[in-house]
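sequence and predicted model, in that order:
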There are 2 protein chains.
Amino acid sequence: MSTAPLWIAGSFRPSADEGAGFSAWNPATGRPILGEYPISGRRDLEALLTAATGAAPLLAEASPETIARFLEGYAARIESHAVALSGLAHEETALPVRPRLFEVELPRTLKQLREGARIARSRNWREPVIDTAANLRTQRGPLGKPVVIFGPNNFPFAFNALSGSDFVSAWVAQNPVVAKGHPGHPHVTEALAHLAQESLDAAGLPPGSIQLCYGLEESSGFALVGDPRVGAVCFTGSRPAGLALKARADSAGIPFFGEMSSTNPVFILPGALAERGEALASEVAASCLLGSGQFCTKPGLLFLPSGSLAEQWTGTLAGHFAAAPEAVLLAAGVRDRFESALEAWERAGARRLTIAARPVTEAGFRAQPALFSVDIQTFLAHRDALETEAFGPAALVVSGIDPGEMPGVALGLEGQLTATLLSAHDGSDEDCYRPLATVLRTRAGRLLNDKMPTGVLVSPAMNHGGPFPATNQPGFTSVGLPGAIRRLTALHCYDGVRPGHLPAELGNPNPTPGLWRLVDGMWTEGNID
Amino acid sequence: MSTAPLWIAGSFRPSADEGAGFSAWNPATGRPILGEYPISGRRDLEALLTAATGAAPLLAEASPETIARFLEGYAARIESHAVALSGLAHEETALPVRPRLFEVELPRTLKQLREGARIARSRNWREPVIDTAANLRTQRGPLGKPVVIFGPNNFPFAFNALSGSDFVSAWVAQNPVVAKGHPGHPHVTEALAHLAQESLDAAGLPPGSIQLCYGLEESSGFALVGDPRVGAVCFTGSRPAGLALKARADSAGIPFFGEMSSTNPVFILPGALAERGEALASEVAASCLLGSGQFCTKPGLLFLPSGSLAEQWTGTLAGHFAAAPEAVLLAAGVRDRFESALEAWERAGARRLTIAARPVTEAGFRAQPALFSVDIQTFLAHRDALETEAFGPAALVVSGIDPGEMPGVALGLEGQLTATLLSAHDGSDEDCYRPLATVLRTRAGRLLNDKMPTGVLVSPAMNHGGPFPATNQPGFTSVGLPGAIRRLTALHCYDGVRPGHLPAELGNPNPTPGLWRLVDGMWTEGNID
């Protein structure tokens, strides 16, 4: 059995390193999938970086139309292979083909690629700012160096290092990409690489615009993100891996954008509980269990007011968890870490409300949905352990909180991607809402009101980001264009530069319908007189 | 003699640490200035952070009008004390009162404070983005934690930790400040603190909004920037100090914005040399020697084409340097590092073109303006040593470059704040310009054409930033509002939040004339229907 090739400098070629390979696993059967992928070391690393570095100046000079055509062609090719790709992804991730992969994640991915094309064409990612009196003109431009992207396990398309938000962001900003595909779904990523290659060829873009590897020896992973040839690193994944890579990037002065897990607290206010407890229990359970609980924005911590209504509600929620089918998790490691997290919760004093049965089906990486509860005193005494993310179909109810004490509890929370307030429609929670929302505002990138956090809309107004340690740059989002692109740009200022030497976006005539420019303090789509 | 107090939580109080104090020095006489300032340790640190942390939620809730009134009141107080402040700064820095301090730097500082007030009032730093269909609304907000600012030695007002661009940026974004004044000009900083305190009181803002210390034990400096209570760190200064502080901030996941020196290369193209060599020699010399060469954007490396005209031009430039008066540098350490840098240049093969005389005046921290030259082969063989910044009145001419080889030379340059191309007005340098500008674009934050880099205009279109190691975040500027404010903000997204729970800037009515919002892809100052 031969090992799959890497994609470097426009060709599919075998790994130059001699390490062992790896196989993907079918999470539903627990068996390896036929086919081996390489684990790259120093030699591959050198080839990946050399190719990407060589492409940087060429890609920086490419026309917006070419960049857009690639994205559109790639989206079209993915779309025409959607059935096969969804099937492949299902085999590698156990995520359902319908609705999840075929009806939700792939369309989202296509939308993101096409939105990227639209922004490449409009050039609005450049955010031109012009001071005509001083002839001082600034816009965003490529980094001049490749972007390294580490894709996560849980979204084989929408966050794939080769087709997700980081990829589109790097691409619109005309930076070459070194993609490190997640080893959980290499077949999907390999299939995407071939479609991307065809799309590059069709658009006439340089080989070396995109590189792909599947696995990295630990020392090579560190060497990659700490290499001065790298312009920026995007990472979505676990906190320990993210922090270790961040430390290497930091030491080389390379901007690192990490999304590194979040427990996404939900505060349920007394009025909401009284008004529509039943409905909320269904909504919360559905959000917790979506995608087998393997969402970055899964609500993992549920804070409840004191009182018998809350106790009753917790019972209803536990019923939903108990009635949910057993989940297939993405990988054996995911299942093991999930079970360890639950054990850590129990050791810290949390009580399991659902039966801890062995999975009915022995094969595969399975787990029972599990709801836990803990009283607020125990939570406060062991918050480090109890705030640990359990990535999978579980949540922890923290009960018995006087609503007046909720802001104090929120103040101690780690930085989060999201925080949610469920409040009464009749206004009876207003007194609780305001002080709590004020504190939660400082703890999360996205604040939700009467809505569950698992949906992350692709919109310019989205913020998929938040304070440390959820991410390490609270001023940025990794989803939503053009915001996410901003991470992967350099500010390019032209001072006293003659008209003939200016890039088109900064000249007096506006080169593109729909390009907004901040000219002497006014946003305008017009020309400069 | 008693030691000056710190400014903590709205009161001027003695240091709680028992370390030795320090005095400022008069650079012109080389004598200490009467008055001692504390070197703070762990106890002061705790008091500084406690006060600032306590002020964070209060300041976040302050009205834009209050924030603006503080900035305007502070500017007015500085203006009314301008003569005294300029005199004080002159004594501590030896920078001339006129034109530098009184006519240039103070007005620039006032402009920045007042521009900050204007932007606080217009709220345009918040950059609201609204998706009405999804009821998804995002804007920038305070970090929720204090910003630590390290001011540099070379701009006692315009970059002072208590009145400069970083200060204004932190303030407009409603973050409390922990200012670490530069020990070179503590009297100026102390005077500013009293004016700031009066202005806080007048605006009715919380004590703890601003804290000030003057010196920090090394371990306490590291502890400060690595403290999880800190929201971000701004640093302007030397590369070794910046990198050491950055490492501590990085390890705690705290965003660090460092400006850490630059040699600001200037490429003189053959046509320009032939067309207006004499004029360029005067311009270049003036820019190199401005402020005794103590500018972050001083052109320190001058690249010349091969040929006799360039040799002759170098002689003319050397004449300007030789004719310039001896310079008084900011501190004994600055002078010593300056002399060491010149020695390192000489050891690496550079030749001194001006006489290495001892300063005529023995007193004070003096240095002779010095021009060096080196041929391109030697430069390329020893570029690490020869690219080292000599902070002071010196420049290095790199000669004998075939213009076709200039892009290759530029490609090897470190990241810079600025890069300058001096080209002929008659178009004869066009063939050289384009490939060279393309490479320099990737190496510098600001590209100048026929203009010297020492002027850093306070304008929304300015970029005072650049690739590593000039700074560590190439997507940001530290001068120019509102761009510089963006560094010190968190993205605040509201998802499905009811109208009554939204901040004013994100509601359907536009709360402020002049606030631009990106609504459904269109920038508008209007209301949402």
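Arrived safely. Model, not experiment: these values are computed from the prediction.

contacting residues for A:Asn508?
A:Pro499, A:Asn527, A:Ile528, A:Asp529 (Cβ atoms under 8 Å, 6 or more residues apart in numbering or on different chains). No exception for glycine: its C-beta is placed from N, CA and C like everyone else's.

the residue in the stretch 1-150 of chain A that chain B sits nearest to in helix, strand or coil?
Taking Cβ to the nearest Cβ, chain B has its nearest neighbour within the stretch 1-150 of chain A at A:Gly144, 3.3 Å off. Secondary structure, DSSP: H, G, I helix; E, B strand; the rest coil: A:Gly144 is coil.

contact partners for it?
With Cβ under 8 Å, 6+ apart, A:Gly144 has these contacts: A:Ala56, A:Pro57, A:Ala60, A:Gly231, A:Ala490, B:Arg441, B:Thr442, B:Arg443, B:Pro467.

ok, which stretches of the stretch 201-350 of chain A are helices?
A:218-225, A:239-251, A:270-289, A:308-323, A:332-347 (DSSP state H, counting those that start in this stretch).

now the stretch 401-529 of chain A
With DSSP H, counting those that start in this stretch as the criterion, the stretch 401-529 of chain A has helices spanning A:406-411, A:430-441, A:483-486.

distance from stretch A:63-76 to the middle of the chain?
Mean C-alpha position of stretch A:63-76 versus that of the full chain (Cα atoms, centre = their mean, to the nearest Å) differs by 23 Å.

tell me the most buried of the helices of the stretch 401-529 of chain A?
helix A:483-486 (a mean of 25; mean count of other Cβ atoms under 10 Å in any protein chain shown).

before we move on, back to that, the helices of the stretch 201-350 of chain A: which one's closest to A:Val97?
helix A:270-289 (18.1 Å; Cβ to Cβ).

got the contact list for the closest one?
Counting by Cβ under 8 Å, 6+ apart, A:266, A:268, A:298-300, A:302, A:304-305, A:307, A:309-310, A:312-313, A:316-317, A:320-321, A:324, A:327, A:369, A:393-395, A:403, A:422-426, A:428-429, A:432, A:450, A:452-454 sit against helix A:270-289.

buried ones in that helix, by neighbour count?
A:270-277, A:280-281, A:283-285, A:287-289 (16 or more other Cβ atoms under 10 Å in any protein chain shown).

so A:Ile8 makes contact with A:Gln197?
No. With contact defined as Cβ atoms under 8 Å, A:Ile8 does not count as touching A:Gln197 (11.1 Å).

so which of these two has more stuff around it?
A:Ile8 (25 against 20; other Cβ atoms under 10 Å in any protein chain shown).

contact partners for the more buried one?
A:Asp44, A:Ala47, A:Leu48, A:Ala51, A:Gly208, A:Gln211, A:Leu212.

now A:Thr524
Contacts for A:Thr524 were tallied using Cβ under 8 Å, 6+ apart; they are A:Asn510, A:Trp516, A:Arg517.

which single one of those is nearest to chain B?
A:Trp516 (5.3 Å).

hmm, A:Met522 and the closest one touching each other?
No. With contacts counted by Cβ under 8 Å, A:Trp516 stays clear of A:Met522, the gap being 10.4 Å.

returning to that earlier point: how close does the residue of the stretch 1-150 of chain A closest to chain B get to A:Val230?
Separation of A:Gly144 from A:Val230 (Cβ to Cβ, to the nearest Å) stands at 11 Å.

what about the residue nearest to A:Pro96 when sequence neighbours are not counted, which SS state?
Spatial nearest neighbour of A:Pro96, chain neighbours left out: A:His90 (6.9 Å); criterion: Cβ to Cβ, 6 or more residues apart in numbering or on different chains. Under the three-state scheme (three-state DSSP), A:His90 adopts helix.

any figure for the gap between A:His90 and A:Val456?
21 Å.

so what's the residue count around A:Ala247?
16.

give me the pLDDT for it.
Note on A:Ala247: pLDDT of 98.

wouldn't it be in contact with B:Gly253 here?
No. The pair A:Ala247 / B:Gly253 is not scored as a contact, 10.5 Å apart, by Cβ under 8 Å.

what pLDDT does A:Pro325 get?
94.

show me which residues of the stretch 301-450 of chain A sit near chain B.
A:418, A:433-434, A:437-439, A:441-443, A:445-450 (Cβ under 8 Å from any Cβ of the partner chain).

biggest separation within those residues, which pair?
Among those, A:Thr442 and A:Asp450 lie farthest apart (Cβ to Cβ), at 20.7 Å.

neighbour count for these two, which is higher?
A:Thr442 (24 against 19).

if I look at the more buried one, how far off is A:Met406?
For A:Thr442, the distance to A:Met406 - Cβ to Cβ - is 14 Å.

and what of A:Gly54?
55 Å.

with A:Arg69 instead?
A:Arg69 sits 52 Å away from A:Met406, going by Cβ to Cβ.

quick check: mean pLDDT of stretch A:91-101?
98.

only alpha carbons, please: show that stretch as CSV.
Output of stretch A:91-101 as CSV, limited to C-alpha atoms (Å, rounded to 0.1, in the frame of the first residue of the first chain):
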residue,chain,number,x,y,z
GLU,A,91,-16.9,7.9,6.6
GLU,A,92,-14.1,9.8,8.3
THR,A,93,-16.1,11.8,10.9
ALA,A,94,-19.3,10.0,11.4
LEU,A,95,-21.1,13.3,11.0
PRO,A,96,-24.4,12.6,9.3
VAL,A,97,-24.6,13.3,5.5
ARG,A,98,-28.0,14.9,5.9
PRO,A,99,-28.7,17.4,7.2
ARG,A,100,-25.2,18.1,8.6
LEU,A,101,-22.7,17.6,5.8
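
brilliant, that's me finished.
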